[in-house]
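A.B. asks: Generate coordinates for the sequence data below:
(chains A, B, C and D)
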Number of protein chains: 2
Amino acid sequence: MNVTIKQIAQEAGVSLTTVSNVINHKAHRVSEEKRQIIEAIIKKYDYSPNMNARALVQSSSRLIGLLYFSDTPRLDFSDPFVTEILEGIERKTKEAGFFTLIHNVISKHDILAVQKNWKFEGFIAVGFSQELFEEINQAVQSPIVFIDTHLEARVYDHIEDYPKRYFINTDDFQAAYAATSFLIEKGHQEIAFLSHVFDDSHPGVIQQRFLGYKKALEINQLSWQEHLIFNKSDFQEMLSKRKDYSAVLVSADYLAMEFIYFLKQAGHYEVEDVSIISFDDIKYAALNDPPLTTIRLDQISKGEQAMQLLADIIDKEEDPQQITQLYGSLIVRETVVQHH
Amino acid sequence: MNVTIKQIAQEAGVSLTTVSNVINHKAHRVSEEKRQIIEAIIKKYDYSPNMNARALVQSSSRLIGLLYFSDTPRLDFSDPFVTEILEGIERKTKEAGFFTLIHNVISKHDILAVQKNWKFEGFIAVGFSQELFEEINQAVQSPIVFIDTHLEARVYDHIEDYPKRYFINTDDFQAAYAATSFLIEKGHQEIAFLSHVFDDSHPGVIQQRFLGYKKALEINQLSWQEHLIFNKSDFQEMLSKRKDYSAVLVSADYLAMEFIYFLKQAGHYEVEDVSIISFDDIKYAALNDPPLTTIRLDQISKGEQAMQLLADIIDKEEDPQQITQLYGSLIVRETVVQHH
DNA sequence: TTGAAAGCGCTACCAA
DNA sequence: TTGGTAGCGCTTTCAA
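C.D. replies: Next up, the predicted model:
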């Protein structure tokens, strides 16, 4: 059995309370002399408090819930979106003395289940929809950092009505706008859009990028064309329409790599024929042949910032700014060329 | 506040004990009539028990600790080794009703800290060294599934002395042997070995592969040559020695991709000149140009099996076989060609 | 079949 | 500055 506070108190010849005060660094409530004795014993047994007991009585569980939203029952960890955020969180979580419990959330019920079970000090929610945001906002009172969660404007406009809700987003609209503008600068006029299927009518990462793409075209007196909007299952169609566009804006590096691979297989890939720009800058992007021109979205940093935010709120009782907007940066490599 | 067992008991007009019995499916101790009443109330409030309280009194926390060993303070989540196992675990963890707490372990102290803090029902330990295995074996009595943990033979030879310790490993020796043999069959005689730095004298994944590589050479009357053993920082040297070998066995797909990229940059990559085979079959391997010939190690499946094992042990009280040996499978793509 | 009560390890409150 | 005690929500004897 592990050492308990009781045994330590006994050995030190003091009360439980005194030991507890030492542990919780309420130094001013304990004499220096006793503190030293107690700390020696704590060290001797390498004692650390039972988190369950602690969490039961108060709310300091040191537990952070990492909630991934996915509409499929499976989380795709090969997606850097998922994995890099986790890496960022892990980097901070230990130094801040927290524990991270991962949970894949599909529905409202999952949220309730996980949060009733354990006392969380905070949550990091990734990729939530508007609907799920409303749910969790209702159900949970501890602080929540939302990453890559695009909501209806009314939420951001009245952010003060949502205390303890924090948002770390990339400005996806802006990122897509920049990427599309870059293509246009390079002389491209017929620019296709390739993404995973998405819901055009609800706020979301891809929807924002789609909007940014359309805006950039518009500003440059180009009009977007329905028949140049593709998704993952349209590779064949994209091949047959290859004369209709000179460049493609792809919503993820991995998808771009798949597309390039597909074209190569078909014997129809020439950088001169089709310029490609995508998003993420995953580490494989630089190794691709040719290396991908892409918009870097620093997901690792999002994870780090999210955890840092939580640590500040919980430990320092700060109340940081609720919205953190990040910007993608254009990484010029070799998949985009001047169009003539 | 959440509903407690007490309130449910009150509303149902029964005692705490009775409610507890219903929750814990001790149906034989409760009358059918009361059971129904109680279950209705539970459903009404969507009640689920407080895990902290439960864990405090007994050991059923439903908590699984996922312990990653890395000798650096940072976990590299871009390594599929890390990420795919996690994916496999997540797939099973929810259906089995567990929660997964991730922890990056660098030293003995980390293990103790994490395990004293929470009551874990089991652990999944990834990539542990012999030394750390001894530590955790001492410190923990709950079941532990070790993934990719190569230990000294004496442990496996007396596996019965290590109850509740389970091992899921790829036969890395065999995998490397097969890969090297494949190269030899293709007419290669001068075969280089490229890996991350590793400790030759201690059991480990790369060490096993190195042994398999040497064995295959030996069996075929070829001898391994010190000057053909490289690591990540030797790319330049490998380039200058390019005439000394016609094939390379690389310990990971990602490293192989880096190497190929390096050669391409240097203007010295020709499939005809240097055959490359590696390990993992990450999803980028198939998209590489040329697609990687590799040994597929199904890491996702390891994660799934690990979690399944734990679920069987904990819930079904089975005592499964302690050692699960998996085998890599050769995926022939285009980086290995016949040598003349 | 049911319930009362003890206690898991800890913190918080109040009193000394 | 210290200690006694109640109680967090639950399970588990033991008795009825």
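A.B. asks: Return the residues in contact with A:Ala12.
C.D. replies: Neighbouring residues of A:Ala12 by C-beta atoms under 8 Å, 6 or more residues apart in numbering or on different chains: A:Thr18, A:Val19, A:Lys34, A:Ile37, A:Ile38, A:Ile41. Any C-beta I mention is one placed from the backbone N, CA and C, and that applies to glycine too.
A.B. asks: Which of these fall within helices?
C.D. replies: Among these, the residues falling in helices (DSSP state H) are A:Thr18, A:Val19, A:Lys34, A:Ile37, A:Ile38, A:Ile41.
A.B. asks: Can you list the low-confidence ranges for the stretch 1-150 of chain A?
C.D. replies: A:1, A:27, A:59-60, A:72-76, A:78 (pLDDT under 70).
A.B. asks: Which residues of it lie near DNA strand D?
C.D. replies: For the stretch 1-150 of chain A, the residues in contact with DNA strand D (C-beta under 7 Å from any atom of the strand) are A:13-18, A:21, A:28-31, A:33-34, A:53, A:56-57.
A.B. asks: among the residues you listed, which two are most distant?
C.D. replies: The span of those, defined through C-beta to C-beta, is set by A:Glu33 and A:Leu56 at 31.5 Å.
A.B. asks: Settle it for me: which of those two has more neighbours?
C.D. replies: Set side by side, A:Glu33 and A:Leu56 show more neighbours around A:Leu56, with 19 against 8, by other C-beta atoms under 10 Å in any protein chain shown.
A.B. asks: what distance separates the start and the end of stretch A:144-158?
C.D. replies: End-to-end distance for stretch A:144-158, by C-alpha to C-alpha, to the nearest Å: 17 Å.
A.B. asks: now it, how far from the chain's geometric center?
C.D. replies: Remark: stretch A:144-158 is offset 13 Å from the chain centroid, using C-alpha atoms, centre = their mean, to the nearest Å.
A.B. asks: Which stretches in the stretch 51-200 of chain A count as helices?
C.D. replies: For the stretch 51-200 of chain A, the helices defined by DSSP state H, counting those that start in this stretch cover A:51-57, A:80-95, A:108-117, A:130-139, A:153-157, A:172-185.
A.B. asks: out of those, deepest packed?
C.D. replies: Greatest average neighbour count among those goes to helix A:80-95 (a mean of 23), per mean count of other C-beta atoms under 10 Å in any protein chain shown.
A.B. asks: correct me, but A:Pro320 touches A:Tyr166?
C.D. replies: Yes. Assessed by C-beta atoms under 8 Å, A:Pro320 is found in contact with A:Tyr166 at 7.0 Å.
A.B. asks: So between the two, which is more surrounded?
C.D. replies: In this view A:Pro320 and A:Tyr166 are compared by other C-beta under 10 Å, and A:Tyr166 has more residues nearby, 25 against 16.
A.B. asks: circling back: of the contacts of A:Ala12, which is the most crowded?
C.D. replies: Most surrounded of these: other C-beta under 10 Å gives A:Val19, at 27 neighbours.
A.B. asks: Please tell me how far that residue sits from B:Ala176.
C.D. replies: Taken as C-beta to C-beta, to the nearest Å, the spacing of A:Val19 relative to B:Ala176 amounts to 54 Å.
A.B. asks: Indicate the residue of the stretch 101-250 of chain A located nearest to DNA strand D.
C.D. replies: Among the residues of the stretch 101-250 of chain A, A:Lys116 lies closest to DNA strand D, at 8.6 Å counting by C-beta to the nearest atom of the strand.
A.B. asks: With the stretch 201-340 of chain A instead?
C.D. replies: Closest residue of the stretch 201-340 of chain A to DNA strand D, C-beta to the nearest atom of the strand: A:Ile314 (19.9 Å).
A.B. asks: That residue reaches A:Pro143, doesn't it?
C.D. replies: Yes. At 7.3 Å, A:Ile314 counts as touching A:Pro143 under the criterion of C-beta under 8 Å.
A.B. asks: Between those two, point out the one with more neighbours.
C.D. replies: A:Pro143 (22 against 19).
A.B. asks: Isn't the more buried one up against A:Ile124?
C.D. replies: No. Using C-beta under 8 Å, A:Pro143 is not in contact with A:Ile124, being 9.7 Å away.
A.B. asks: any residues in contact with both of those two?
C.D. replies: Contacts common to A:Pro143 and A:Ile124, judged by C-beta under 8 Å, 6+ apart, are A:Leu310.
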